[in-house]
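> my questions concern the predicted model and sequence given below.
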Amino acid sequence: MTTITILGSGFGALTAIRSLRRRGVDAEIVVISPRDALHYLPSSIWLPAGLRKAERLKVPLSRFFDKHRVKFVKASVLHVEEGGRSVVTDAGTFRNDQLLIAAGGRFLKKLPGIEHALTPCEGIAVGEEISRRLESMQGGTIAVGFAANPNEQQAVRGGPMFEFLFIIDTLLRRQGRRERFKLVFFNPSTRPGQRLGEKAVDGLLKEMAARGIETHLGHKLVRFEADRVVTEGGEVQADLILFMPGMTGPAFLAGSDLPLSPGGMIAADEMCRVKDRPGVWVVGDSGSFPGPDWMPKQAHQADLQAEAAAENIAAVLAGTEPQRKFRPELICIVDTLDAGMLIFRNAKRNILLPKSRIFHWTKRYFESHYLKSFR
């Protein structure tokens, strides 16, 4: 029987599984991942405010795997060999006829002293730690920022950092202790968040000003210390640092036989095919794709890529040429705990809808809707 091996158990991997089965692909599907649960990180922004608990955001996938006839292998990938046909893991070596890599990315932790900063999207446990740290603070300065991969400008995830910034501000106001804190947003760009569009950048900076959030923009980061962020343009004293570095590919790529982009991600085309590796595909944060400079690294984009990859794999298995290109598209609700602003971008339009309570509840509804099929 034909074997399709999927690396990862996140958004792109799960969407690909559903799409393959929906298209009548009857091949054996093997999922290799260190965990058999979906960690819904988009809602980790609400952990500090107690709006979500960690366990609610960890959704076991056993029922989903059973429903879609998936063989799950709990293992970590060490490297990929033979042009993708062999996957070496800490639980053995697995061969395949088609390989889909949806293993996510890895944050670049090269800045000196980065251990002094918390990186929210590293996992649910970090969101819990942010909550504990906030509860223990009687006052002080909280510095929030993000950066990109200089060799892979698309490999940046800034949206959640705006959300953590605004949510912490709202939370402190609800608790009646905002006046004891200084919030500072830092970024190497003078116009942070440009992938969201110029109107969005204006809106975000305006929101910071309205909330009394200070900014330290346009200065290259030099290092972190236990009590400060050091840049080429000065220092930001800080009692708590939240920082999202740029992203690169997963660690197993270092010893793998796969083509890489300058930024360390798997080089792919607009159909999610890995260059010069027949039968190897990539979606989501693991890949480097052609497209507009604003193309995001987010779950929605991974889902769109997974749909395209699944259709193309189905075509190959049916003996026809793959034709489906993925659609670059950005959808983002920047949540503030009590409201949110909606940002949409595709090849034709860039829309910003101003802050509204409706968008906060839309984001909560979407979480419930998205996870319903896995619970």
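Right, received. Where do you want to start?

> which stretches of the protein aren't confidently modelled?
Low-confidence segments of the chain (pLDDT under 70): none present.

> quick check: domain ranges of this protein?
What automatic domain parsing lists as the domains of the chain is 3-105+249-317, 110-244.

> just put the ones you listed in TSV and tack on distance to I358 and mean neighbour count.
Every residue, glycine included, has its C-beta placed from N, CA and C. Shown next, in TSV, are the domains of the chain (distance: least, C-beta to C-beta, whole Å; neighbours: other C-beta atoms under 10 Å):
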stretch	distance to I358	mean neighbour count
domain 3-105+249-317	17	20
domain 110-244	16	18
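
> would TSV of those domains with distance to T362 be doable?
Below are the domains of the chain laid out as TSV (distance: least, C-beta to C-beta, whole Å):
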stretch	distance to T362
domain 3-105+249-317	13
domain 110-244	14
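
> V334: which of those is closest?
V334 sits nearest to domain 110-244 of all those, at 5.2 Å, using C-beta to C-beta.

> so what's the gap between that closest one and the chain middle?
17 Å (C-alpha atoms, centre = their mean, to the nearest Å).

> quick check: end-to-end length of that domain?
End-to-end distance of domain 110-244 (C-alpha to C-alpha, to the nearest Å): 12 Å.

> please apply the same query to stretch 266-283.
Termini of stretch 266-283 sit 9 Å apart (C-alpha to C-alpha).

> scan the protein for its longest helix.
Determined from DSSP state H, the single longest helix within the chain is helix 299-317.

> what helices or strands is the strand or helix carrying A13 leaning on?
Assigned by DSSP states H and E, A13 belongs to helix 11-22. Packing partners of helix 11-22 (3 or more C-beta pairs under 8 Å, 6 or more residues apart in numbering; DSSP states H and E): strand 3-7, strand 28-33, helix 299-317.

> may I have the strands that pair with the first one, each with its orientation?
Meaning strand 3-7. strand 28-33 (parallel), strand 98-101 (parallel) (DSSP bridges).

> need the next SSE after the shortest one, C-terminal direction.
This means strand 98-101. strand 106-107.

> name the residues that touch that next one?
With C-beta atoms under 8 Å, 6 or more residues apart in numbering as the contact definition, strand 106-107 has outside contacts at T119, C121, E122, M244, P245, G246, M247, T248, G249, P250, A251.

> how does it look with 6 Å?
T119, P245, M247, T248, P250 (C-beta atoms under 6 Å, 6 or more residues apart in numbering).
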